[in-house]
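>>> curious how this folds, go ahead:
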Amino acid sequence: MTIRKLPMMLAITALGAFGAGYARQAAAEAPKPADKAAAPPAAAAPTNCKVYGGGKCCDPAVTAHLPKESVFKACGESEATFLGESGKKDECRYYFKVEGEKPDDSTIMVYAPQQKEVPSSPTDPFFSYKHVGKVYVTDKAKSPKVAATMAKSTGLWLPGKGYFVSVNASTSVCSKPEASKLAPFIK
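Just a heads-up that it's a prediction; the model follows:
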């Protein structure tokens, strides 16, 4: 190293040490996450939610597609038979008390994921569908293995703009004729 480069190297080293000390001081003085005034408030949890099985409340955006009151009306259920709800991302399950059935087998499941491209009709390899108004309802099983599943539940499907709604209704909660009455309530 030449003598001309020595003052430059010392200056760079001093600036580096000064910068590191300044960064430590700035980090110590930075506001803590709880101190941030500009942080958006957390989404409020629904207050009229009855949770089932240690789950969590359903997302209001999902329940808007099929409110539990619509299930009560179309399927002949009530608060007396309603055990609660359990929500996951894009999904809500309503649980009901049915004589001789497990609660996990007595549900109405609403699934409403966001999609860029939504088909105009269901593309299900296991079932054929028929129209009930604007909603598609499972009609026939495409194989004998799937026929047993179809006897236990009714599927409903509605295309939307940027989403679709799929409902799987246990026949112990909502019979096939009742599921047809449920179809107009799906949004």
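>>> what are the phi and psi values for Pro113?
phi -80, psi 150 (degrees, to the nearest 10).
>>> excluding residues flanking it in the chain, which one is nearest it?
Closest residue to Pro113 apart from its sequence neighbours, by Cβ to Cβ, 6 or more residues apart in numbering: Asp90 at 4.3 Å. In this view, the C-beta of every residue, glycine as well, is placed from N, C-alpha and C.
>>> near the one you found, how many other residues are there?
Each residue near Asp90 was counted by other Cβ atoms under 10 Å, and the total is 15.
>>> quick check, pLDDT for it.
If you check Asp90, the pLDDT there is 96.
>>> is it in contact with Val110, as I believe?
No: checked against Cβ atoms under 8 Å, the pair Asp90 and Val110 is beyond contact range at 9.2 Å.
>>> what is in contact with the two at once?
Any residue near both Asp90 and Val110 by Cβ atoms under 8 Å, 6 or more residues apart in numbering counts here, and that gives Val62.
>>> what comes up buried for the helix or strand hosting Glu69?
Per DSSP states H and E, Glu69 falls inside helix 68-75. Neighbour counts using 16 or more other Cβ atoms under 10 Å place 68, 70-72, 74-75 of helix 68-75 among the buried residues.
>>> mind giving me the packing neighbours of it?
For helix 68-75, the elements it packs on are strand 82-88, helix 176-182, judged by 3 or more Cβ pairs under 8 Å, 6 or more residues apart in numbering; DSSP states H and E.
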